[in-house]
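K.L.:
only geometry, no sequence info:
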């Protein structure tokens, strides 16, 4: 193997590991955003179940 082939294979190996790192980082970010989204949905559900003001303007808690 001459030096050019060696550099090419080394470069391909580096590119492969970079692709792997990027895809794992993207998967982690996706998992995190999905969990943040479900937390936000729970928060919105809680806000929708908030106590409603009476006619007098006071809040009545169930």
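P.N.:
Yep, it's here. Not measured: the values here are computed from a predicted model. Residues are numbered from 1 along each chain as shown.

K.L.:
Quick check: residue 19 vs residue 3, distance?
P.N.:
24 Å (C-beta to C-beta, to the nearest Å). For every residue, glycine as well, the C-beta is placed using N, CA and C.

K.L.:
So which of the two has more stuff around it?
P.N.:
Taking other C-beta atoms under 10 Å, residue 19 and residue 3 do not tie; residue 19 has more neighbours (10 against 7).

K.L.:
Kindly provide the distance from that one to residue 40.
P.N.:
31 Å.

K.L.:
Check residue 17 too.
P.N.:
From residue 17 to residue 40 the distance is 34 Å (C-beta to C-beta).

K.L.:
Now for residue 40, how many residues are close by?
P.N.:
10.

K.L.:
Are we agreed that it is in a helix?
P.N.:
Yes. Judged by DSSP: H, G, I helix; E, B strand; the rest coil, residue 40 forms part of a helix.

K.L.:
Residue 33 versus that one, what's the distance?
P.N.:
10 Å.

K.L.:
same question, residue 21
P.N.:
Computed as C-beta to C-beta, the residue 21 to residue 33 distance reads 19 Å.

K.L.:
Same check on residue 19?
P.N.:
Residue 19 is 21 Å from residue 33, by C-beta to C-beta.

K.L.:
Please apply the same query to residue 17.
P.N.:
25 Å.

K.L.:
Near residue 37, how many other residues are there?
P.N.:
Neighbours of residue 37 (other C-beta under 10 Å): 10.

K.L.:
any idea which element it lies in?
P.N.:
helix 3-48 (DSSP states H and E).

K.L.:
Could you give the average pLDDT over that helix?
P.N.:
Confidence for helix 3-48, expressed as mean pLDDT, is 82.

K.L.:
elements contacting that helix?
P.N.:
Of the remaining helices and strands, none touches helix 3-48 by 3 or more C-beta pairs under 8 Å, 6 or more residues apart in numbering; DSSP states H and E.

K.L.:
For residue 8, grab the count of nearby residues.
P.N.:
Residue 8: 12 neighbours (other C-beta under 10 Å).

K.L.:
And for residue 41?
P.N.:
By other C-beta under 10 Å, the residues close to residue 41 number 10.
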